[in-house]
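Peer 1: missing the sequence, but the structure's below:
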């Protein structure tokens, strides 16, 4: 029995026992005898807090709060960016199951998938959210909040009604360091991670970010004081956590600890301390995941956790067995396409890169508003970075393995170390088991998912093995990732497969091989007529890499207005990778698409390319993006 299967068995066993207990006492506890639950959520910050041992941090309110609560050392975000991570939290499900893993994809979800707040409201809770949602779905389920607005507050509930309330604090958001100067923290004393260059811009932005975290800390203090003033502190379990890690480049959006490890502190008042697993001030090394948060709130509230949820409660009556691993994912980040998975336990972090031929940095325009990001890139172009610092701009390995205890910055990849072969194989298998268990939709590109789902949902698509043959797709992806010239004949044959997903991965394998796969040119030329737009795009990019630039680039230009937003973005990304090689006629196609009705992210990718080609004023573009 695999780790995932064992966990599912234990979850089912625990759920059955809890259901019997609840059946004897009613659906849930009497509303008057249930705790209030308050969530205080900051944005874009890894554990840059004094209570987590950060000597540079100035966070007295959260430090005091941690001394009164439980501090989790291994709380792991499901995604290193807000919208997909928030989708996980609110649904208790992994976005790759739902088709909501890509940033701001806003795809529909089935009516059967409700938010955990729907369950709370059914049980008599007043649920409010102030104010950010960003759940990455087309439409929220009906009745998920009593109120969700800038004015939402637990004070608006009926007298005596238990509440679940969320307050979101955007002070530490990535955009907070686009401009401004540090006032509290000295840039000269800012601690720089080894992957960042020691330059004035880096020191400035790190100091400014610590200022923003301190401002956020004061806001948390005010919210706690307000709860106390209202006389509710002794009736309320309070959670503090961040919506993802961050926020300097190579943290937010990336599957390193800086992007997925988040602060989590939970405080139990004396009245509800019997639900706590340890005494106040305890630091717990239990691994918990965002997918567990919704089920945990339901457990604390005495509400049965629905079977559809994929998380395991870590507190309350339905507390499940500690998980061995937390799983995280990286899909499309704004206008840049990627596909990575991660497995994290208490000591190791495993990352699987399914598009390893692409560099880590693909120029996400929003991230490039950070001054140090631009300075970092400039130093790379000037050859002024060391081996660790320049990796960010180069192709990825297929696998990464880090000892997070010995190497907290995740810079020493142990994947090729014979001493860690057993760990690598175990976590590799765990990653594969997880993708199979959750029906991981990312094994089809975004455009193909949208095409196959049609008027239905991606969730329903990937649950149908006839429409989504996941084991075959995973095998095709594995072969593409090998990047072995001896695979060229098999990859070329794969371009004729009956499954468009297998054909896509065959073309991606040839893209990665480039000129070493020249023997596949005839098969790639035939694939320019494939019925699946993403296959056509990958085939066209492969041809460009093999020296057939006019043919391949023209095909990419045509795809900018064919297919759907997913395949159009795929084409825009492929054209951007051509840089100055884009032929003149195709440049006009790019301009026309950019000025037309293209999706926002397609336009962002094209604007960057056109700016590099001297055909667009990127200053105006950047100012427009900062306002979004």
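Peer 2: On my side now, so go ahead. Being a predicted model, the structure only gives us computed values, none of them experimental.

Peer 1: Quick check: the gap between the nearest residue to residue 43 once chain neighbours are set aside and residue 429.
Peer 2: Sequence neighbours aside, residue 173 is the residue nearest to residue 43 in space, at 4.3 Å (criterion: Cβ to Cβ, 6 or more residues apart in numbering). For every residue, glycine as well, the C-beta is placed using N, CA and C. Between residue 173 and residue 429 the distance, using Cβ to Cβ, to the nearest Å, works out to 37 Å.

Peer 1: Same drill for these two, tell me which one is more crowded.
Peer 2: residue 173 (22 against 14; other Cβ atoms under 10 Å).

Peer 1: hang on, the earlier thing: the residue nearest to residue 43 contacts residue 81, doesn't it?
Peer 2: No - taking contact to mean Cβ atoms under 8 Å, the distance of 11.6 Å between residue 173 and residue 81 leaves them out of contact.

Peer 1: rewinding a little: phi first, then psi, for the residue nearest to residue 43.
Peer 2: With angles defined as degrees, to the nearest 10, residue 173 sits at phi -60, psi 150.

Peer 1: tell me, what's touching residue 173 and residue 81 both at once?
Peer 2: Contact criterion Cβ atoms under 8 Å, 6 or more residues apart in numbering; residues shared by residue 173 and residue 81: none found.

Peer 1: Mark out where each domain of the chain begins and ends.
Peer 2: In the domain annotation for the chain, the residue ranges read 36-179+213-322, 342-423, 443-613 (the TED database).

Peer 1: Let me see the mean pLDDT of the shortest one.
Peer 2: When pLDDT is averaged over domain 342-423, the result is 99.

Peer 1: swap in the last one?
Peer 2: Per-residue pLDDT values over domain 443-613 give a mean of 98.

Peer 1: change the start of the numbering to 336 and stick with it
Peer 2: All set: I'll call the first residue 336, so the last point we hit is now domain 778-948.

Peer 1: what's the distance between it and the middle of its chain?
Peer 2: Averaging C-alpha coordinates over domain 778-948 and over its chain gives two centres that are 23 Å apart (Cα atoms, centre = their mean, to the nearest Å).

Peer 1: now the second one
Peer 2: Between the centre of domain 677-758 and the centre of its chain there are 16 Å (Cα atoms, centre = their mean).

Peer 1: end-to-end on that domain?
Peer 2: With Cα to Cα, to the nearest Å as the measure, the ends of domain 677-758 fall 14 Å from one another.

Peer 1: What is the burial count for residue 514?
Peer 2: Counted with other Cβ under 10 Å, the burial measure for residue 514 works out to 11 neighbours.

Peer 1: What confidence value was assigned to it?
Peer 2: Looking at residue 514, its pLDDT is 98.

Peer 1: mind checking the SS state of it?
Peer 2: For residue 514, the secondary-structure state derived from DSSP: H, G, I helix; E, B strand; the rest coil is coil.

Peer 1: Angles on the backbone of it, please.
Peer 2: Residue 514 adopts backbone torsions of phi -150, psi 170, taken as degrees, to the nearest 10.

Peer 1: Same question for residue 612.
Peer 2: Dihedral angles (degrees, to the nearest 10) for residue 612: phi -80, psi -10.

Peer 1: Check which element follows the helix or strand hosting residue 375 along the chain.
Peer 2: Taking DSSP states H and E as the criterion, the element that holds residue 375 is strand 371-377. The C-terminal neighbour of strand 371-377 among helices and strands, as given by DSSP H and E, is helix 395-403.
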